[in-house]
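Engineer: Need the 3D shape of this:
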Amino acid sequence: MGVPILAWNSRSLRIAIFILLLAHFPAAVMADDSQSTPISNQPLKHLSLEELGNVHVTTVSKEPEEVWRTPAAIYVITQEDIRRSGARNLPDVLRLAPGVEVAQIDSDKWAIGIRGFEGRLSRSVLVMIDGRSVYTPLFAGVYWEVQDTALDDIDRIEIIRGPGGTIWGANAVNGVINIITKNAKLTRGTRLSVGGGDVEQGFVTARYGAGDDKFSYRVYGKWFTRGPEFHSDERNFDDWKEGQLGFRTDWDLTSRDSLTIQGDTYENIAGQKLGISFFNPPALINLEANGHFFGQNLVTRWQRNLSSGSDLQLQVYYDRTDRRDLNYREIRNTFDADFIHHLVLPRQDLIWGAGVRISPSQYFQSVATVDFEPHDQTYNIFSGFVQDEIVMVPNRLSLTVGTKLEHNTFSGFEVQPSGRLLWTPSAHQSVWLAATRAVRTPSRIEDNFRFSFLAVPSIPLFLRLIGDGDFSSEQLVGYEAGYRRFLKPSVYLDVAAYYNQYDDLLSVENQPPFVETTPLPPRLVLPLFLRNGVTAITKGVEISPVWEPVPWWRLKGSYSYLHLNARNKPTSDDASTVAQLEGDSPQHKLVVQSRLDITKNFQFDLSYRYVSSLPDQLVAAYSTADARLGWRLTQSLDFSVVGQNLLQPHHAEYGGDPGPLVEIKRSGYLRLTWTK
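Structural biologist: From the prediction side, this is the model:
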């Protein structure tokens, strides 16, 4: 009789905690709730905190290593984290990570940064999906509205806060985000997920997988339509639709060789509002229309295991994008090959590799005020790297040194060295230190760009942003330290601190105005040249505790503090960049997550988020919360309800569109998932 009584008391306690958490949300808020995801059977779901610390990650060194023994500020978002967050897109998933700033501009655009420099294109962050870079060299950054995959197929997202240029090369300045999908062996069977709500108006994801121990595959398709966010002027331009198809195969060719082939194709229609200037007649028009974007990619990855833990890897991919924006069109084809040799030696772990990327693009001019010259250009990168982990004291102290050597079209030769020290004084704690140099190389916008904006119609006076090739790489020298410890089996603490020195940051420098007569009519032009006139220092700390008071309740949190101080060089007359850098990223960010398994078939998840103000964007500090209720109806059928941004009807997070700030709505959706 004792066991049933204990089980009953435990269940009653869970329900009491659920009711207590629920009581913090007004009835009107809960009426808006709606969605979530099914109960996953993925390997990371039931791991203890200590086992999660032993999960192997690959982003730091391109080779598997335990999170616990990684001398870098790495954070892993697991499939279970994604599922229980209720997020419907990659930017919302990234909100879970410490040190990552995510702000929604409107329904289909985000500003994202790591340790500062938050912006529409995340220019100082390298983003990859299964090792395929999605960083564009046209405008230097990532178009988040076209980065997508089936969220249920993601195994984990590995996020490095801090420079990763030694391994990944240019543009991995403030961090690296690597989205890693599941091996096809883990996705056999049929899966269908459908749902919808108010902003998330409708979505469908279907997947089928099959195979055996030697060869497995999956195919998937997904579609969604998303409504606009809140517009005080009722100009609801930001509706969003996308369809995507993809596949993955994993093949064990021999006992030592494995081969992965995967690919995706998408079509994306995103509502936009854009200010477009015209020369004849002089005019500035805020155009509301749809951007139309297409993309395809194919990735092949071969790995051979050698003796004593050594291995070889070769990855080759092709990526094509066709971006038809309101004021330009670009078609880009990227060919990339990356070779890695991992060699395990006595008291050494040596990795070296080489890579080449060839990326020809065609630019099609749509309006006279936006242009690149020449219209056709090829961007090339040739690179090599070496990194050696040297064991100084077995199981206690190791030193990792390495460098990346790279030559690119825009800035020529670049060197990005690093040194990292790892000390593990006991089995349940580790301390690490790092010093790294990284660069953001120029893109086409700094090399051969002309953008004219009508500032004073009555003159008329145009401001002209000019990238003329006289821009060198932005540079970072970063210093980091971190501490990880299991205070006890149910409590885990991860702390990271950093001090970064930036030089040669992008500035906008004035030159004397001139009169331009072609095309007619005549106009006065004030040229603004892109130069390296700003320096900056950032410093901060990130604290990430996890507490599991009982096996069926887990609490996770993170607090991130950032101080950014920028200044002009003595030769610079830039009047806006310093205020922009200092006022575009939040100084404080707090996230608290609660995961409660009410019963075997019911889950209740809460997430609270506080973000401090963005003065340059005229955005006030805000707090908001998401909630998810999941119910397993049968062994193969799951139902969930998700409410997002519940604490106010709408709030602003970032600017970027002409007109008043677009505000993010309180919203909700339902989701039903069937698996077989």
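Engineer: Lowest mean pLDDT among the helices and strands of the protein, which one is it?
Structural biologist: Ranked by mean pLDDT, DSSP states H and E, the helix or strand of the chain with the weakest confidence is helix 27-30, at a mean of 36.
Engineer: Phi first, then psi, for the spatially most central residue of the chain.
Structural biologist: The centre of the chain sits closest to residue 177, judged by C-alpha atoms, centre = their mean, with a distance of 5.3 Å. Here is the backbone geometry of residue 177 (degrees, to the nearest 10): phi -120, psi 120.
Engineer: Now do the contacts for the residue nearest to it when sequence neighbours are not counted.
Structural biologist: Excluding its sequence neighbours, the residue lying closest to residue 177 (C-beta to C-beta, 6 or more residues apart in numbering) is residue 127, at 4.7 Å. For the C-beta atoms, the positions are set from N, CA and C on the backbone; glycine is no exception. Taking C-beta atoms under 8 Å, 6 or more residues apart in numbering, we find residue 127 in contact with 133-135, 142, 147, 176-177, 179.
Engineer: that's a strand at residue 127, yeah?
Structural biologist: Yes. Counting by DSSP: H, G, I helix; E, B strand; the rest coil, residue 127 is located in a strand.
Engineer: The closest residue to residue 597 other than its chain neighbours: how many residues sit nearby?
Structural biologist: Closest residue in space to residue 597, ignoring its immediate chain neighbours: residue 552 at 4.1 Å, by C-beta to C-beta, 6+ apart. Look at residue 552: counted by other C-beta atoms under 10 Å, it has 18 neighbours.
Engineer: Then residue 227?
Structural biologist: Around residue 227 there are 18 residues (other C-beta under 10 Å).
Engineer: That one reaches residue 201, doesn't it?
Structural biologist: Yes. With contact defined as C-beta atoms under 8 Å, residue 227 reaches residue 201; the gap is 5.1 Å.
Engineer: any weak-confidence spans in the protein?
Structural biologist: Within the chain, the stretches with pLDDT under 70 are 1-55, 59-63.
Engineer: all helices in it, in order from the N-terminus.
Structural biologist: Using DSSP state H, the helices found in the chain span residues 2-22, 27-30, 49-53, 79-85, 90-94, 165-168, 444-447, 577-583.
Engineer: returning to what we had before: which residues are in contact with the residue nearest to the centre of the chain?
Structural biologist: 94, 114, 125-128, 157-160 are the contacts of residue 177 under C-beta under 8 Å, 6+ apart.
Engineer: Run me through the strand neighbours of the strand of greatest length in the chain, direction for each.
Structural biologist: Taking DSSP state E as the criterion, the chain has its longest strand at strand 523-550. Sheet pairing of strand 523-550 (DSSP bridges) gives strand 461-467 (parallel), strand 491-510 (antiparallel), strand 514-516 (antiparallel), strand 553-568 (antiparallel).
Engineer: now the ones you listed in CSV, with mean neighbour count and distance to residue 639?
Structural biologist: Below are these laid out as CSV (neighbours: other C-beta atoms under 10 Å; distance: least, C-beta to C-beta, whole Å):
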stretch, mean neighbour count, distance to residue 639
strand 461-467, 19, 51
strand 491-510, 20, 32
strand 514-516, 12, 63
strand 553-568, 18, 22
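Engineer: of the ones you listed, which approaches residue 604 most closely?
Structural biologist: strand 553-568 (10.0 Å; C-beta to C-beta).
Engineer: Return the alpha-carbon coordinates of the closest one using PDB.
Structural biologist: Extracted as PDB, the C-alpha positions of strand 553-568 are listed here (Å, rounded to 0.1, in the frame of the first residue of the first chain):
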ATOM      1  CA  TRP A 553      10.200  19.500 -12.600                       C
ATOM      2  CA  ARG A 554      13.100  21.300 -14.200                       C
ATOM      3  CA  LEU A 555      13.900  25.100 -13.800                       C
ATOM      4  CA  LYS A 556      16.400  26.700 -16.200                       C
ATOM      5  CA  GLY A 557      17.500  30.300 -16.200                       C
ATOM      6  CA  SER A 558      20.000  32.700 -17.600                       C
ATOM      7  CA  TYR A 559      21.100  36.300 -17.000                       C
ATOM      8  CA  SER A 560      23.200  38.200 -19.500                       C
ATOM      9  CA  TYR A 561      24.900  41.600 -18.800                       C
ATOM     10  CA  LEU A 562      26.400  43.600 -21.600                       C
ATOM     11  CA  HIS A 563      28.300  46.900 -21.400                       C
ATOM     12  CA  LEU A 564      29.300  48.400 -24.800                       C
ATOM     13  CA  ASN A 565      31.300  51.500 -25.100                       C
ATOM     14  CA  ALA A 566      32.100  52.900 -28.600                       C
ATOM     15  CA  ARG A 567      34.000  56.000 -29.800                       C
ATOM     16  CA  ASN A 568      35.100  57.600 -33.000                       C
END
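Engineer: how near is the closest residue to residue 250 other than its chain neighbours to residue 563?
Structural biologist: In space, residue 250 comes closest to residue 184 once its chain neighbours are excluded; the distance is 4.4 Å by C-beta to C-beta, 6+ apart. Separation of residue 184 from residue 563 (C-beta to C-beta, to the nearest Å): 45 Å.
Engineer: Of all the strands paired with strand 523-550, which one is nearest residue 430?
Structural biologist: strand 491-510 (9.8 Å).
Engineer: Next up, the contacts around the residue nearest to residue 611 when sequence neighbours are not counted.
Structural biologist: With sequence-adjacent residues excluded and distances taken as C-beta to C-beta, 6+ apart, residue 611 is closest to residue 586, at 4.9 Å. Residues near residue 586 by C-beta under 8 Å, 6+ apart: 101, 118, 562, 611-614, 621.
Engineer: can you do 10 Å?
Structural biologist: Taking C-beta atoms under 10 Å, 6 or more residues apart in numbering, we find residue 586 in contact with 101, 103, 113, 116, 118, 560-562, 610-614, 619, 621-622, 653.
Engineer: any chance you could map the strands in the stretch 551-676 of the chain?
Structural biologist: Using DSSP state E, counting those that start in this stretch, the strands assigned to the stretch 551-676 of the chain run over residues 553-568, 588-597, 602-611, 622-632, 637-644, 650-652, 663-665, 667-675.
Engineer: Sorry, slip of the keys, the one I care about is the stretch 51-200 of the chain.
Structural biologist: For the stretch 51-200 of the chain, the strands defined by DSSP E, counting those that start in this stretch occupy 56-57, 65-66, 73-78, 100-106, 109-114, 125-129, 132-133, 154-161, 175-181, 189-197, 200-211.
Engineer: Just the angle for the last one relative to strand 667-675, thanks.
Structural biologist: Computed by axes from the mean of the first three to the mean of the last three C-alpha atoms, to 10 degrees, the angle separating strand 200-211 from strand 667-675 equals 20 degrees.
Engineer: Just list whatever residues bridge to residue 283.
Structural biologist: With DSSP bridges as the rule, residue 283 is bridged to residue 278.
Engineer: I'd like the contacts of residue 177 as a markdown table, with distance to residue 599 appended.
Structural biologist: Listed next are the contacts of residue 177 as a markdown table, based on distance: C-beta to C-beta, whole Å:
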| residue | distance to residue 599 |
| --- | --- |
| 94 | 31 |
| 114 | 38 |
| 125 | 41 |
| 126 | 43 |
| 127 | 39 |
| 128 | 39 |
| 157 | 29 |
| 158 | 33 |
| 159 | 33 |
| 160 | 38 |
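Engineer: Which of those residues sits closest to residue 472?
Structural biologist: Using C-beta to C-beta, the contacts of residue 177 come closest to residue 472 at residue 126, 19.3 Å.
Engineer: Who are the contact partners of the closest one?
Structural biologist: 59, 114, 133-135, 142, 160, 163-165, 168-178, 438, 440.
Engineer: Number of residues surrounding the nearest residue to it once chain neighbours are set aside?
Structural biologist: Taking C-beta to C-beta, 6+ apart, and ignoring the residues beside it in sequence, residue 126 has residue 172 as its nearest neighbour in space, at 3.9 Å. Per other C-beta under 10 Å, the neighbour tally for residue 172 reads 30.
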